[in-house]
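*Asks:* Structure of the sequence below:
(chains A and B)
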Amino acid sequence: MQLNHVRRALASATCALLGGHASAAPDGGDGWSVESAVLYYGEKDRVQVLEPTLFASRELDDENRLVVRGVVDVMSGATPNGAVPTDTPQTFTTASSRYTVDADAPPRMDFEDLRLAFGFDWERTGEGGDRRLLTGDVSVETDYLSMGGGGTWSWDTRDRLTTLSLGVGGNFDWVFPGGGPPAPLDPLDGAAALHLIQEEDDDDDEGEGGEGGFEEGEARYGVNTLLGVTQVLSRGALLQLNWTHAEQGGYLDDPYKLLSVVGADGRPVGYRWESRPDRRSSDALFGRLVWQLPLLHHVVHLGYRYYRDDWGVEANTTDLKYRIDLGRRLYLQPHLRYHRQGAADFYRYYLVAGEPLPDHASADYRLAEMESRLAGLKVARETKSGEMALRLEYMVQSGESHPDGAPGILTGYDLYPDLEAVMVQFTWSFRF
Amino acid sequence: MGDPHPIVRPLELRFDHHHWRGHFAAMGCPCEVLLAVESEEAARRLLGIAAAEAWRIEQKYSRYRDDNIVRRINRAAGEWLTVDEETARLLDYADLCHRLSEGRFDITSGILRRVWRFRKDAAPPAPEAVEALLERVGWEQVEWRSPRLRLPEGMEIDLGGIGKEYAVDRVAGLLAGREAMGYVVNFGGDLAVRGLRSNREPWVVGIRNPRTPSAGPVATLRLTGAGLATSGDAERYLEFQGRRYAHILDPRTGWPVEEAPASVTVLADNCTEAGMLATFAMLHGAEAERFLEAQGLRHWVFRA
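*Replies:* Below you'll find the model as predicted:
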């Protein structure tokens, strides 16, 4: 028998037998599966982000799967710089910029940036059914470079009801703001004065030499570990528990955030750059219950996350999604989220002139005590080869606007204005 | 010969975390259909389509029934008979397989089972008994001018060697283009996989060594469009005077294939092709691995 011609002859005969229904993969599977999305994130009076993303995944063979990701963020707007408002215009002079904020206005810094990010996941299914996932990511902004990678190993118990996961990851980032990262707690004007002198000195040969650059950056790095258990509880009920521990080190400051130094009347006498510890150790416990309701077949996703770190931040997040099927391919999914967090130990609204400087201080609104509420709705339609979905979400974040003990005129200002944001995302996934 | 009686048996359906899992019995084996659909209603409809087709094929081609085309062909031995289009396609296929396997695959060989009893303590038949039956075996003696067939007197055909895999692919074809994002049709371990699970992941199929089924799978496949079939029966053989006789008979000799593997599993584009290549490999005995390697398909050969 001519061995290798058997299969070819058999394949065409089988096709004839099955009346043409015998092609290798009638429903796709060999091709790329693509998910594309465009997200608009807009904060009222603050930051706007337009974010197109593209995910493409492909089964390389029975055991290997590759996912490649690309994200572009077009960011613009104004972000709070940490200073408190006052009754006269305020001018902030830094090594790379100089901007003025109106009297009585919350001090914000205008910015524009573009972030490009690429990543991949490579998942390999072992002979025994265990899964090994390798990921790699790189992202670039004009003042920030981040590289990360990790591996996760998951396997099922004998009854396939329990999945255990073990992961480890790491990242290395490089922060290189214009003019170089400011020295922690340095007064702003001092830095600017020094910068001006430098510029006068080598005006001719360097031009914008004082701008600083990539080489003047600071490193930030981190490692994280993950332990996860996913348990099938019953028909249609699934419980997932993850514990993540992360250690970060290096330059953890935000090079654009500062604090006002206010006098007894509450008016600023100067500004200082923020300062954060150069280590951060955090733990997060995440639990999620996915439950398909009997009879109705609606699906409930209930999530809870507890977070704490050695900066003193403690946070609780509760998240609820409820999927309602409308007919065969259409579904609605309302979404509610409530997040509450305590402030970092070194969070301050301002520094007081004449008082000794603390080791660390930051007025970054993200490290303050605050709560946020989110409500949203997703409408999705399943297509032959994927899904089309529109997601609308609205979020309000609020904190303590009038902290106790604010001196002088500061009692008359909102020191933690609410943040309102809308998110609109259109997703389209398909195969080809 | 009675009128055809449609087969109707119970259907079972339950939700299994990521998909619906339907069960029914057909062709003497447990049949299972996994369906990536949202609603129970849709799952029940698709399961009904799958079972109806499996039962239709069983009714039409089972050799245990007296109301079908196989019985009619066997009764009409010695005379010309015109068969329907589907049966003609199956006979064309059997004809080609006979040629491709150089006579090793033969739908007229079922008659040999009259003398071969595959129980552990049974004795092999007397060589004369095999010799006598062998005269009534051999597709080359059959006159096949599609759609007309004349079976020599005393001969019988049995489509059991194709029927189950054919049913799997027929069902998979009927489920295509309906509301399921993906599905698995599994008739007693011969299966067709199409599309994706509800979580948009491929279907996962484990292959076990039939001799050590309680150990973990020897391979785990992630499939989106494939057929998988197994030939051989690790539990069925007979041992006589220190010799082990495998369950698979070579129709050219009437005796079991020497050094046949305990079982062969093949991954191909569809279940019928996988099943036929697995059968061919078994019929190649000691050469099973070499035969499969030449086909360039993934395969697993288990030997005792």
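
*Asks:* What residue in the stretch 51-200 of chain B comes nearest to chain A?
*Replies:* Closest to chain A within the stretch 51-200 of chain B is B:Gly173: 3.1 Å, counting by CB to the nearest CB. Where C-beta positions appear, they are placed from N, C-alpha and C, glycine not excepted.

*Asks:* Look up which helix or strand that residue falls in, please.
*Replies:* If you go by DSSP states H and E, B:Gly173 is part of helix B:160-175.

*Asks:* need the residues of the stretch 101-250 of chain A near chain B, please.
*Replies:* A:Thr125, A:Gly126, A:Glu127, A:Gly128, A:Gly129, A:Val232, A:Arg235, A:Gly236, A:Leu238 (CB under 8 Å from any CB of the partner chain).

*Asks:* Hmm, B:Thr220 and the second one touching each other?
*Replies:* Just to be clear, that refers to A:Gly126. Yes. If you go by CB atoms under 8 Å, A:Gly126 and B:Thr220 touch, sitting 7.1 Å apart.

*Asks:* Output the contacting helices and strands for the one helix or strand A:Val261 maps to.
*Replies:* Using DSSP H and E, A:Val261 sits within strand A:258-262. On a contact count with 3 or more CB pairs under 8 Å, 6 or more residues apart in numbering or on different chains; DSSP states H and E, strand A:258-262 meets strand A:268-273, strand A:351-352.

*Asks:* Can you pull the residues of the stretch 51-200 of chain B lying near chain A?
*Replies:* Residues of the stretch 51-200 of chain B lying near chain A by CB under 8 Å from any CB: B:89-90, B:92-93, B:96-97, B:100-102, B:166, B:169-170, B:172-173, B:176, B:179, B:181-182, B:194-196, B:200.

*Asks:* Report the buried members of those residues.
*Replies:* B:89-90, B:92-93, B:96-97, B:100-101, B:166, B:169-170, B:172-173, B:179, B:181-182, B:194-196, B:200 (16 or more other CB atoms under 10 Å in any protein chain shown).

*Asks:* now, which of the residues you listed lie within helices?
*Replies:* Per DSSP state H, helices hold the following members of those: B:Arg89, B:Leu90, B:Asp92, B:Tyr93, B:Leu96, B:Cys97, B:Leu100, B:Tyr166, B:Asp169, B:Arg170, B:Ala172, B:Gly173.

*Asks:* B:Arg72: what secondary structure?
*Replies:* helix (DSSP: H, G, I helix; E, B strand; the rest coil).

*Asks:* can you tell me which helix in chain B is longest?
*Replies:* Longest helix in chain B by number of residues, with DSSP H as the criterion: helix B:40-61.

*Asks:* now the angle from that one to helix B:160-175?
*Replies:* Interaxial angle, helix B:40-61 versus helix B:160-175 (axes from the mean of the first three to the mean of the last three CA atoms, to 10 degrees): 150 degrees.

*Asks:* List the buried residues for helix B:40-61?
*Replies:* In helix B:40-61, counting by 16+ other CB under 10 Å, buried: B:42-43, B:46-47, B:50-61.

*Asks:* So for A:Gly126 and B:Thr220, which residue has more residues nearby?
*Replies:* Just comparing A:Gly126 and B:Thr220: by other CB atoms under 10 Å in any protein chain shown the higher neighbour count belongs to B:Thr220, 19 against 13.

*Asks:* Skip ahead from the lowest-mean-pLDDT helix or strand in chain B and say which helix or strand is next.
*Replies:* When the helices and strands of chain B are compared on mean pLDDT, DSSP states H and E, strand B:237-240 comes out lowest with a mean of 68. Next along the chain after strand B:237-240, taking DSSP H and E as the criterion, comes strand B:243-246.

*Asks:* Show me what that next one is packed against.
*Replies:* Strand B:243-246 makes packing contacts with strand B:237-240, strand B:255-256 when contacts are defined by 3+ CB pairs under 8 Å, 6+ apart.

*Asks:* TSV for the helices and strands packed on strand A:258-262, including distance to A:Leu392 and mean neighbour count?
*Replies:* Output for the helices and strands packed on strand A:258-262, formatted as TSV (distance: least, CB to CB, whole Å; neighbours: other CB atoms under 10 Å in any protein chain shown):
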stretch	distance to A:Leu392	mean neighbour count
strand A:268-273	38	21
strand A:351-352	41	20
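
*Asks:* Which one, of those strands, ends up nearest to chain B?
*Replies:* The closest of those to chain B is strand A:268-273. By CB to the nearest CB, the value is 46.9 Å.

*Asks:* Now do that closest one: which elements does it pack against?
*Replies:* Counting by 3+ CB pairs under 8 Å, 6+ apart, strand A:268-273 packs on helix A:188-201, strand A:258-262.

*Asks:* what's in contact with the shortest one?
*Replies:* Contacts of strand A:258-262 from elsewhere in the structure, counted by CB atoms under 8 Å, 6 or more residues apart in numbering or on different chains, are A:81-84, A:86, A:92, A:107, A:187-188, A:268-274, A:348, A:350-353, A:361-363, A:407-408, A:410.

*Asks:* buried subset of these?
*Replies:* Buried subset of the contacts of strand A:258-262 (neighbour count, 16+ other CB under 10 Å): A:81-84, A:86, A:92, A:107, A:187-188, A:268, A:270-274, A:348, A:350-352, A:361-363, A:410.

*Asks:* tell me the contacts of A:Glu218?
*Replies:* A:Trp174, A:Val175, A:Phe176, A:Pro181, A:Gly250, A:Tyr251.

*Asks:* got it, and B:Ile7?
*Replies:* B:Ala26, B:Trp55, B:Arg56, B:Glu58, B:Gln59.

*Asks:* now the strands: where do they sit in the stretch 151-300 of chain A?
*Replies:* Assigned by DSSP state E, counting those that start in this stretch, the stretch 151-300 of chain A shows strands spanning A:162-175, A:218-234, A:237-250, A:258-262, A:268-273, A:279-292, A:299-309.

*Asks:* Mean neighbour count, those: which tops it?
*Replies:* Of all those, strand A:258-262 has the most neighbours on average by mean count of other CB atoms under 10 Å in any protein chain shown, namely a mean of 25.
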